[in-house]
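Peer 1: structure of the sequence below:
(chains A and B)
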Amino acid sequence: MATAMTETLTAAEPVDLLSKFDPIIQTRETLLAAGVEDPFNLVMEEVLSPTRAICNGRDTILLGTYNYMGMTFDPDVIEAGKRAMEDFGAGTTGSRVLNGTFRDHRDVEAALREFYDMDHAMVFSTGYQANLGIISTLAGKGDYIILDIDSHASIYDGCAMGKAEVVPFKHNDVEALEKRLKRIPEGAGKLVVLEGVYSMMGDVAPLKEMVRVSKENGAMVLVDEAHSMGFIGEHGRGVAEEQGVLDDVDFIIGTFSKSVGTVGGFCVSNHPKFEVLRLVCRPYVFTAALPPAVMASSATSIRKLMHGGNKRAHLWENSRTLHGGLKALGFQLGTDTPQSAIIAVIMPDLEKGAMMWEALLKEGLYVNLARPPATPAGMTLLRCSLCAEHTADQVQTILGMFERAGKAIGII
Amino acid sequence: MTPADVDASIRTLVEPFNKKGIAIEDATTFAGDFEFDSLTVMDFVAAIEDEFDIIISMNQQAEIENWGQLVAAVHKLQDS
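Peer 2: Now for the predicted structure:
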């Protein structure tokens, strides 16, 4: 008996569950074998300001951090966090629905309600979890989610977790959205999921038309405004505000890890039954609440963003200068005009992209190297995100770096 | 429409995407034989959806690996 058992055990070939990632390991090894600095293993040894850090030992201008409004080093934001840490401790060690709601968790939700002028706000531990939680809780089995094909991974993951029927439509195509809405079975629940700014190319969605056709067809609408908060729209509420449709959007998703300069995610809404989500949304319930310092810093930052008119204007100036300058140098860009604080520079392929990324890093400039599956149409992108704290001189320095690196690599 | 009609109709629709001129049988797969990437899948699916005025959700797409399964699924969807 014992012998037979041993034989059975040794006969079974173990299956390495990681071998399905061999092609990725191979691609990465090939890239690094070419002598390129690893684009996905950068270390910031020191962070000097929202726009400067020591990266892999070099003094580097940061042009890929989503720190749009430069709030990470705002003295009031830092002071609020320090005080909260001293008064409330380092962490919450608990869920929001148990022991994890402190004074500042309530206060940051109040700050969001003030910022968006909405009735309800719910804070999650990250923006990823906000999408995951809200989408999976709203749309379950038998419901339909109609979404832009270029939606962020957190949106797709939220769809999969909720088990709704997922119907994608061509990027920013209002007609494709409308056709699909009309084909959905009578009586089914419908959630349309859109983004204000799409983070890979930095383009803006035609929300005015999309929200209109969604409402005409009886759908609820969720808009992720992660990349627009703080500087698009009259009050910085995002693309939906700018296009005059914020009142028709049922749920706005956002994040603290971009303009707010901390970490966390949120959903704001005027839906009268919104508060029930706190009890039924699993990624909200079954995780620890953010540390009090993060909450206090976030609340201070959000309230300061309400009065950030001058910084906003300078950020747009930076975006226009960089976009125009790169275009004039002959780079191929993701959008014809500057539509947001993201400017995507399209690379011919991954190899050239990685070489260009490294050349820029050696010049002292950090940008994001973005590649499939994060990017649409299999593109390799050097994605630049501007900050309101970049000086006009820094933007000129950046253009000089792009010119030298682009010529050296043979892209322009 | 009979399954044969659906098959004939989708054969016309796949032409612009079948750049390598793959011979189509029921067992022909979209990932392996046609080598469709995700963008091509989206355009091809959209063409079928518009032609038959149906929705093929991503959940349903995940179950469809080969030509025969696609024809059967579209035939069923356009009937309902």
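
Peer 1: got the contact list for stretch A:227-247?
Peer 2: A:66, A:68-69, A:115-117, A:195-199, A:202, A:204-208, A:211-212, A:223, A:225, A:249, A:252, A:254-255, A:258-260, A:305-306, A:308, A:311-312, A:315-316, A:340-342, A:388 (Cβ atoms under 8 Å, 6 or more residues apart in numbering or on different chains). The way it works is simple: take the backbone N, C-alpha and C, and place the C-beta from them, glycine included.

Peer 1: straight-line length of it, end to end?
Peer 2: Using Cα to Cα, to the nearest Å, one end of stretch A:227-247 lies 19 Å from the other.

Peer 1: just read off the phi/psi values of A:Met220.
Peer 2: phi -90, psi 150 (degrees, to the nearest 10).

Peer 1: report the buried residues of stretch A:191-206.
Peer 2: Neighbour counts over stretch A:191-206 (16 or more other Cβ atoms under 10 Å in any protein chain shown) mark A:191-205 as buried.

Peer 1: now the two most distant members of the residues you listed.
Peer 2: Across those, no pair lies farther apart than A:Leu191 and A:Gly202, at 25.3 Å, counting by Cβ to Cβ.

Peer 1: is chain B within reach of stretch A:162-179?
Peer 2: Yes. Applying Cβ under 8 Å from any Cβ of the partner chain, one finds stretch A:162-179 touching chain B at A:Glu165, A:Val166, A:Val167, A:Pro168, A:Phe169, A:Lys170, A:Ala176, A:Lys179.

Peer 1: about what we covered before: just the buried ones among the contacts of stretch A:227-247, please.
Peer 2: If we count by 16+ other Cβ under 10 Å, the contacts of stretch A:227-247 have these buried: A:66, A:68-69, A:115-116, A:195-199, A:202, A:204-205, A:207, A:211-212, A:223, A:225, A:249, A:252, A:254-255, A:258-260, A:305, A:308, A:311-312, A:315-316, A:340-342, A:388.

Peer 1: what ranges of chain B fall below the confidence cut-off?
Peer 2: By pLDDT under 70, the low-scoring segments of chain B are B:80.

Peer 1: where does it come near chain A, residue by residue?
Peer 2: Proximity of chain B to chain A (Cβ under 8 Å from any Cβ) is limited to residues B:37-39, B:42-43, B:46, B:49-50, B:53-55, B:57-60.

Peer 1: any idea how many residues pack against A:Lys352?
Peer 2: A:Lys352 has 14 neighbours, counted by other Cβ atoms under 10 Å in any protein chain shown.

Peer 1: contacts for the helix or strand where it lies?
Peer 2: Here A:Lys352 sits within helix A:350-363, counting by DSSP states H and E. Applying Cβ under 8 Å, 6+ apart, the external contacts of helix A:350-363 come out as A:27, A:31, A:34, A:36-37, A:39, A:42, A:55-56, A:58, A:60, A:347, A:366-367, A:369, A:371, A:380-382, A:401-402, A:404-406, A:408-411.

Peer 1: does A:Val192 lie in a helix or a strand, and which?
Peer 2: strand A:190-195.

Peer 1: helix or strand next in line after that strand, which one?
Peer 2: Counting by DSSP H and E, the element after strand A:190-195 in chain order, helix or strand, is strand A:197-198.

Peer 1: gap between the helix or strand following that following strand and the chain center?
Peer 2: Once strand A:197-198 ends, the next helix or strand along the chain (criterion: DSSP H and E) is strand A:203-204. Taking Cα atoms, centre = their mean, to the nearest Å, one finds the center of strand A:203-204 at 14 Å from the center of the full chain.

Peer 1: and strand A:203-204, what other elements does it pack with?
Peer 2: Helices and strands touching strand A:203-204, as assessed by 3 or more Cβ pairs under 8 Å, 6 or more residues apart in numbering or on different chains; DSSP states H and E, comprise strand A:197-198.

Peer 1: how far off centre is the strand it packs on?
Peer 2: In terms of Cα atoms, centre = their mean, the centre of strand A:197-198 is set 9 Å apart from its chain centre.

Peer 1: same question, stretch A:403-412
Peer 2: Computed by Cα atoms, centre = their mean, the chain-centroid distance of stretch A:403-412 equals 29 Å.

Peer 1: contacting residues around it?
Peer 2: Stretch A:403-412 is contacted from outside by A:Leu329, A:Gly330, A:Phe331, A:Met347, A:Pro348, A:Lys352, A:Met355, A:Met356, A:Ala359, A:Leu360, A:Glu363, using Cβ under 8 Å, 6+ apart.

Peer 1: among the residues of stretch A:162-179 next to chain B, which pair sits farthest apart?
Peer 2: Top of the distance list for the residues of stretch A:162-179 next to chain B (Cβ to Cβ): A:Glu165 and A:Lys170, 18.0 Å.

Peer 1: write out the residues of chain A neighbouring chain B.
Peer 2: Contact residues (Cβ under 8 Å from any Cβ) of chain A with chain B: A:144, A:149, A:159, A:165-170, A:176, A:179-180, A:183-184, A:373, A:376-378.

Peer 1: buried subset of the residues of chain B next to chain A?
Peer 2: The neighbour count (16+ other Cβ under 10 Å) marks B:Met42, B:Ala46, B:Glu49, B:Ile54, B:Ile55, B:Ser57, B:Met58, B:Gln60 as buried among the residues of chain B next to chain A.

Peer 1: can you name the two of those residues that are farthest apart?
Peer 2: So, those by Cβ to Cβ: farthest apart are B:Met42 and B:Ile54, at 15.3 Å.

Peer 1: in the helix holding A:Lys352, what counts as buried?
Peer 2: Within helix A:350-363, the residues that count as buried by 16+ other Cβ under 10 Å are A:Leu350, A:Gly353, A:Ala354, A:Met355, A:Met356, A:Trp357, A:Glu358, A:Ala359, A:Leu360, A:Leu361, A:Lys362, A:Glu363.

Peer 1: let me know the closest of these to chain B.
Peer 2: Of all the buried residues of helix A:350-363, A:Leu350 has the smallest distance to chain B: 14.9 Å, by Cβ to the nearest Cβ.

Peer 1: where is the longest helix in chain B?
Peer 2: Looking across chain B with DSSP state H, the single longest helix is helix B:38-52.

Peer 1: with just CA atoms, put the strand or helix carrying B:His75 into CSV.
Peer 2: Using DSSP H and E, B:His75 falls within helix B:67-79. Taking Å, rounded to 0.1, in the frame of the first residue of the first chain, the C-alpha atoms of helix B:67-79 are listed here in CSV:
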residue,chain,number,x,y,z
TRP,B,67,-15.6,29.3,-36.4
GLY,B,68,-18.3,26.7,-35.8
GLN,B,69,-18.9,28.0,-32.2
LEU,B,70,-19.2,31.6,-33.6
VAL,B,71,-21.8,30.6,-36.3
ALA,B,72,-23.8,28.6,-33.7
ALA,B,73,-23.7,31.5,-31.2
VAL,B,74,-24.8,34.1,-33.8
HIS,B,75,-27.5,31.8,-35.1
LYS,B,76,-28.9,31.4,-31.6
LEU,B,77,-28.6,35.2,-30.8
GLN,B,78,-30.4,36.4,-34.0
ASP,B,79,-33.2,34.0,-33.4
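
Peer 1: count the residues that sit near B:Lys19.
Peer 2: B:Lys19 has 10 neighbours, counted by other Cβ under 10 Å.

Peer 1: residues contacting it?
Peer 2: B:Lys19 makes no contacts at all, as judged by Cβ under 8 Å, 6+ apart.

Peer 1: how close does it sit to A:Asn217?
Peer 2: B:Lys19 sits 35 Å away from A:Asn217, going by Cβ to Cβ, to the nearest Å.
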